[in-house]
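Asks: Kindly generate the corresponding structure for this input.
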Amino acid sequence: MEHTKHRLPDWLAIALGHLALAMIALMLWNWRVEDVFPNTQFYFTAHEKKYFLKYGVGLFAFLALILHGLAWRLSRLGANETYSGALAGLCRAVWPGWFCALGLLGLISKEPLPLDAYNLIFITGLGLALGSLTAEYLRRKWTLLPPAALPAPDVHARRWLWGVIAACMIYAAYFSWLSIRRHEAIHTNLQDFSLYDQLLWNLLHGNGWRCTLWDDNMRFGWNWNAEHFMPTLLLLLPFYAVAPAPHTLLIAQSIALGAGAIPLYFIAKEKLRAPAPAFFIALAFLSHPIVQQTNIKEFHMDALAPVFLLAAYAFYLRRKWLWYAASLLLALGCKEDVAISVAMFGLFLVIGERNWRAGLATFAAGMLYSAIVIQGVIPHYRDGEPLRQLYRYRHLLPDAQRADAEYMMTLGDLVKAGLLRPHVVWHEAATPERLLSALKLGAPFGFFALIGGWVLLWAAPSTATSLLSNWNTQYELQLHYGIAIIPPLAAATVWGVARWAGALRTTGEADAAQALKTRAHLRGAGVALFICLAITQYYFGYLPGGERDPREKLPLTEHTALAQRYAAALPADASVSAQVQVGAQVAGRETIYMFPVVHDAQYILLDTRRSPWPMNGEEYQARVKKLLESKEWGVIEPYEDGYLLLKRNHSREDNAAALARLEFKKAE
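Replies: Got it, this is the predicted structure:
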């Protein structure tokens, strides 16, 4: 029997196709505007708007006319093809073809191309050709199997579930120990780890969202909400009240990341109806280098978002609406940029899951939260200034705005760049470093996410914000950057495996025979996932036996033990300026600055044998010597093994001895 294919409704395909035409017209018109008005680009003046109306809208109408003409011709030539059906098919071709054409154009030239007949023919012809092939292949071959053709539930499913739970517990226990070991070996930093330690300490002691470790926030009363908006952090406050130590944050992060595999297992089991491949997808999540890297590289609130986002999807599939809303709310509170990801998740529910009510409500909630927080709450605390992190995307601005150092980039500028200069955006994303980052993301999941279909909409904003940044730490997915991409990527892997299992299906077979084929394909997918996660774990993982196993680099020595003695010499209510690494041991206090920032600090704690960041070696040495030679600061503990503890207005009798014995980290 022939199974019903899941495809876009004709009216939605027509709407999306015409939207793609409008984008093509805007992009082509933008090239023309840049030729005629090179200093304005897509920021039109009132005088230039009439040219836009005359040529931009006219170009869209011309392309739309061609599309309708082709549809009419196809309806006359095809005996079984209606006009609306032919038009919908062409629109399906235009939408993916637009991205294909832009991708190739971006690789060819970073600069705007002139609007001439050759480029017009190139983008239109290439878009329609690639789009028709892509749309037809996806529509005919990679459709999700209907429930009747999927294998029956496995009677041993409970064993696989307990296997996932055991893997999560082992993961959480091991990475809790490893994170704590890293902290005790003085490898954590005041930024970003101790930001949250100080925040929770101040919240617990009634000082609000006070954070003095980000010097830029001094202008805004040291309020952390001027930097990020993270109300879900309050969820950790009861645990921090019971155990007010940095270890609490590290354990909570390990548990949250490990727990993300459980809702992912339920999602995969629901979609595949086979627990074995669902188990391996969950295992691939726990083994993903980005997940493990995020776990041991400090503490970040971003790390809590995956479990809430995946839980929201799992609750959606089971129609547990109250838990669904609660999970999304907690995810939104992890960080302000999660809101766009939530909005795209809602769009995926509309198009991929065909659930209009839940999808549109989720999309509206995400966009509304983003508008309120990014455009309202954070600028309110910043005295009207926009979100600071937008400076990382200034290279996407037109030349006039990029050259203006005083110009404050807004979220609207970023949206305009994506809509009207997508060829430039794509070119920025197609560098070798960013392509390698994309490889790191997809390899542990066996690249099944590439055929995940509409789920990739969910991954689009987090992927774009990471890979389009001009900061190498972000686009190379170091530290915690990249963890926001993992939940939609994992969900796309589930859909990709489902499509893989049905990719070789032929019509006319009995459901039982098809189920046997599907089960074989699912087993093959499970084996492929296991091989991929084993290879990536060996070369990029942090588990024992992996190339990046950090245990040998985290010894507990006399030097690390000595840090506790100097930390104990600091009064609990004292304001401190500390070096970036040793300062993480004493961050639980109302006021702490990262050296060389001192301000009103009463004490300075340094480890001269460790990294001087954010200063270079020469600056750091000069600054330390100047402190010891000044009349304002005195040594209160004997200088030993690189540790230097100074107090303001203290006796200077030990300063000369410390100055004579100073040892500094050797330049590498």
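
Asks: how about stretch 58-68: buried residues?
Replies: Buried positions in stretch 58-68, judged by neighbour count with 16 or more other Cβ atoms under 10 Å: L59, F60, L63, L67. (Glycine included, C-beta is placed from N, CA and C.)

Asks: repeat for stretch 344-363
Replies: Under 16+ other Cβ under 10 Å, the buried positions of stretch 344-363 are 344-352, 355, 358-359, 361-363.

Asks: next one: stretch 442-461
Replies: Buried-residue list, stretch 442-461, by 16+ other Cβ under 10 Å: 442-446, 448-449, 451-461.

Asks: Near E618, how many other residues are there?
Replies: E618 has 11 neighbouring residues, counting by other Cβ atoms under 10 Å.

Asks: Also K553?
Replies: Considering only other Cβ under 10 Å, K553 is surrounded by 10 other residues.

Asks: So, low pLDDT: which residues of the stretch 551-668 of the chain?
Replies: Residues of the stretch 551-668 of the chain meeting the criterion pLDDT under 70: 666-668.

Asks: Could I get the full set of helices for it?
Replies: Shown for the stretch 551-668 of the chain, the helices assigned by DSSP state H, counting those that start in this stretch span residues 558-568, 617-629, 655-660.

Asks: Who are the packing partners of the shortest one?
Replies: In terms of contacts (3 or more Cβ pairs under 8 Å, 6 or more residues apart in numbering; DSSP states H and E), helix 655-660 is packed against helix 617-629, strand 633-635.

Asks: can we see that at 10 Å?
Replies: Contacts defined by 3 or more Cβ pairs under 10 Å, 6 or more residues apart in numbering; DSSP states H and E place helix 655-660 against helix 617-629, strand 633-635, strand 643-648.

Asks: so of the buried residues of stretch 442-461, which ones are in helices?
Replies: Among the buried residues of stretch 442-461, the members falling in helices (DSSP state H) are G442, L456, L457, W458, A459, A460, P461.

Asks: of these, closest to H380?
Replies: The closest of these to H380 turns out to be P461 (Cβ to Cβ; 23.3 Å).

Asks: confidence score at the closest one?
Replies: Looking at P461, its pLDDT stands at 87.

Asks: follow-up on the earlier one: TSV please, covering the helices and strands packed on helix 655-660 and showing distance to Q198.
Replies: Shown next, in TSV, are the helices and strands packed on helix 655-660 (distance: least, Cβ to Cβ, whole Å):
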stretch	distance to Q198
helix 617-629	23
strand 633-635	23
strand 643-648	20
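
Asks: Can you tell me which residue sits nearest the middle of the protein?
Replies: Of all residues in the chain, the one closest to the mean position by Cα atoms, centre = their mean is A484, 3.1 Å from it.

Asks: show me the residues around that one that make contact.
Replies: 290, 294, 302-303, 305-306, 309, 334-335, 337-338, 340-341, 459, 461-463, 465-466 (Cβ atoms under 10 Å, 6 or more residues apart in numbering).

Asks: same deal with L67?
Replies: By Cβ under 10 Å, 6+ apart, the contact list for L67 reads I14, G17, H18, A20, L21, L87, L90, C91, A93, V94, L128.

Asks: quick one: which of the residues you listed is nearest V597?
Replies: Using Cβ to Cβ, A20 is the member of the contacts of L67 that lies nearest V597, at 50.4 Å.

Asks: would you say the closest one is within a strand?
Replies: No. With DSSP: H, G, I helix; E, B strand; the rest coil as the criterion, A20 is located in helix rather than a strand.
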